[in-house]
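Chemist: using only what follows, build the 3D model:
(2 chains)
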Amino acid sequence: MKTFLCWLAAVVAVYVMQTSFLPLIFFHGIGPDLLLLITVSFAFLKGKRLGCFMGFLLGLFEDLASGGFLGMNTFSNMLMGFGCGVFSNRVLRDSFVLPIAAAWVSTISVFCLFEIILFLLGYGFYPLAHIKYKLLPMLCYNIVFAWPVHVLVRRLDEYVSEKK
Amino acid sequence: MNRVRREKNSQRTVWLLIFVAVSVFVIIFFAARGRFAAPVSSQAVTSALAPFQRAISWAGYQVHGVTSAIWEMVSAYYQNEMLKNEVVQLRQQNLTAAEYAAENERLRNLLDYKQAATQFDLMAAQVIGREQATWTSMIVVNRGSSDGIARNMPVVTEKGLVGVVTEVSPNASKVQLVLDPRCSVGTLIQRPESRVAGIVQGSIEDALKPNMINIPKNSDVVEGDTIITSGFGGIFPKGIMVGTVKALRDDGGGLLEIAVVEPAVDFQRLEDVMIITASREAPPAALTPPAQTPGTETDRDGNFIKAEGSEK
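Modeler: Here you go, the predicted model:
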């Protein structure tokens, strides 16, 4: 329960930070997706099963809190958690490059997934404009925030593990 | 046995994941079409997050306010520096513009004089130097022999006589001012009733006020009389303004008197002058007929013009 509360507090804090403080540095309304970064880092640390679960929870939380398409973030974060979790045993977790590369790949993957889903939902397909105005700024932000978020997740994981 | 159980668990997990993923995927479409919603949970999450978001948002705005204030202060500092530089530049430009305006006015006056004084061939020159020790007596102008300047050419401004060229080099000339004690200018009183002749010389006593000497004691020269060049001596053409009589005093010998002359030219502000390179006899001024007494008007031939009502 304590573990859950710790993670919940961290996620709430990060999400509140993302929605209330970081808009000050948003570029044309686009900012970092910190919950996706948490999912990715957590998945690298804990594996595909927990990573997928964390992605599901964070995505659902984001969907419920943001009021966007219900399930979009749930679905995408869950897949990212699962995908990154698959590689959890094959990567060097302390590497500086790992979270940045993972943020890069996961951001592009989520973007593609969103594009496909929105296209399937009948909202059209405008990849070039979306790449320019949505993907590239978000990619930059996520790359910048990837390492701090990864460190935060690792520290929190260590803290929670010690408590146990 | 354990291995078999682990594989079964793994397979079950994968199937569970696939099931959840498909479910979520389907939910996306249902939710997007408005056939599925989670209002209660959504409201609960939003309500739970709202206080935190409000607090962080407030803190964010405070931080933003502080950073904005700091940024504005920094930008105000740099703006101030830029404005200071701009003020300096504008002052310099203003100074230059004022200089140009003054020069323009001087040159315009000279041009007017040049157009009016048709009997002279004039060459404009700029004062480029004053002799340090005797700066009220000699000046250097930027015209020389290469410009056709020669010794003994008179130098004037639109206000009056300045002096005479005494030394000529290829690109500059020295001009002896009428204030110089060595300079002698043949002059006369312009007033028609007087026309007393004299010589204007620089005064050792007062470097800014030359004297008109050789005035007979019984002459009718009075203070305020205008002095012009007489044309005697061949250097200075006749009719150039020299100055006015400021005061009269005895020569000391008893037969003559001296007039202290207020020069027409302000030698302290001498910047542009004109050198008379050639002079001709001044054309006679056009005569203007005097006003005719009403009732006695005549035509060109001298015949009386009768008033319209008189024949009747």
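
Chemist: near chain A, which residues of chain B?
Modeler: Within chain B, the positions near chain A by CB under 8 Å from any CB of the partner chain are B:13, B:17, B:20-21, B:24-25, B:27-29, B:31-32, B:36-38, B:41-42, B:44-46, B:48-49, B:52-54, B:56-57, B:59-60, B:63-64. C-beta here means a position set from N, CA and C on the backbone, and glycine is covered the same way.

Chemist: from the residues you listed, which would you call buried?
Modeler: Buried members of these, scored by 16 or more other CB atoms under 10 Å in any protein chain shown, are B:17, B:20-21, B:24-25, B:27-28, B:31-32, B:38, B:42, B:45, B:49, B:52-53, B:56-57, B:60.

Chemist: follow-up on the earlier one: just the ones of the residues of chain B next to chain A in helices?
Modeler: B:13, B:17, B:20-21, B:24-25, B:27-29, B:31-32, B:41-42, B:44-46, B:48-49, B:52-54, B:56-57, B:59-60, B:63-64 (DSSP state H).

Chemist: quick one: contacts of stretch B:88-99?
Modeler: By CB atoms under 8 Å, 6 or more residues apart in numbering or on different chains, no residue outside stretch B:88-99 reaches it.

Chemist: B:Lys238 versus B:Thr67, what's the distance?
Modeler: For B:Thr67, the distance to B:Lys238 equals 83 Å [CB to CB, to the nearest Å].

Chemist: between these two, which one's more packed in?
Modeler: Using other CB atoms under 10 Å in any protein chain shown, the more surrounded residue of B:Thr67 and B:Lys238 is B:Lys238, with 16 against 11.

Chemist: quickly find the element holding the more buried one.
Modeler: Here B:Lys238 sits in a region with no helix or strand, counting by DSSP states H and E.

Chemist: okay, buried residues for the biggest helix by length in chain A please.
Modeler: Secondary structure of chain A per DSSP H: the longest helix is helix A:136-163. Neighbour-count burial for helix A:136-163 flags A:137-139, A:141-143, A:145-147, A:149-150, A:152-154, A:156-157, A:160 (criterion: 16+ other CB under 10 Å).

Chemist: stretch B:157-167: how far from the chain's middle?
Modeler: 24 Å (CA atoms, centre = their mean, to the nearest Å).

Chemist: what about the lowest-mean-pLDDT helix or strand in chain B, distance to the chain center?
Modeler: Using mean pLDDT, DSSP states H and E, helix B:2-32 stands out as the lowest-scoring helix or strand of chain B, at a mean of 80. On the basis of CA atoms, centre = their mean, helix B:2-32 sits 89 Å off its chain's mean C-alpha point.

Chemist: and the helix-or-strand element of chain A with minimal mean pLDDT, what does it pack against?
Modeler: Counting by mean pLDDT, DSSP H and E, the weakest-scoring helix or strand in chain A turns out to be helix A:127-130, with a mean of 82. When contacts are defined as 3 or more CB pairs under 8 Å, 6 or more residues apart in numbering or on different chains; DSSP states H and E, helix A:127-130 packs onto helix A:97-120.

Chemist: okay, now whichever residue of the stretch 151-300 of chain B sits closest to chain A: neighbour count?
Modeler: Nearest residue of the stretch 151-300 of chain B to chain A, counting by CB to the nearest CB: B:Glu271, 62.1 Å away. Using other CB under 10 Å, B:Glu271 has 13 other residues around it.

Chemist: A:Lys132 versus that one, what's the distance?
Modeler: B:Glu271 is 65 Å from A:Lys132, by CB to CB.

Chemist: also B:Gly129?
Modeler: 69 Å.

Chemist: quick one on the thing from earlier: now the angle from the longest helix of chain A to helix A:97-120?
Modeler: 120 degrees (axes from the mean of the first three to the mean of the last three CA atoms, to 10 degrees).

Chemist: what about helix A:136-163, distance to the chain center?
Modeler: On CA atoms, centre = their mean, the centre of helix A:136-163 falls 10 Å from the chain's centre.

Chemist: now that helix: mean pLDDT?
Modeler: In this model, helix A:136-163 has a mean pLDDT of 89.

Chemist: and stretch A:34-45, by the same measure?
Modeler: So the average pLDDT for stretch A:34-45 ends up being 92.
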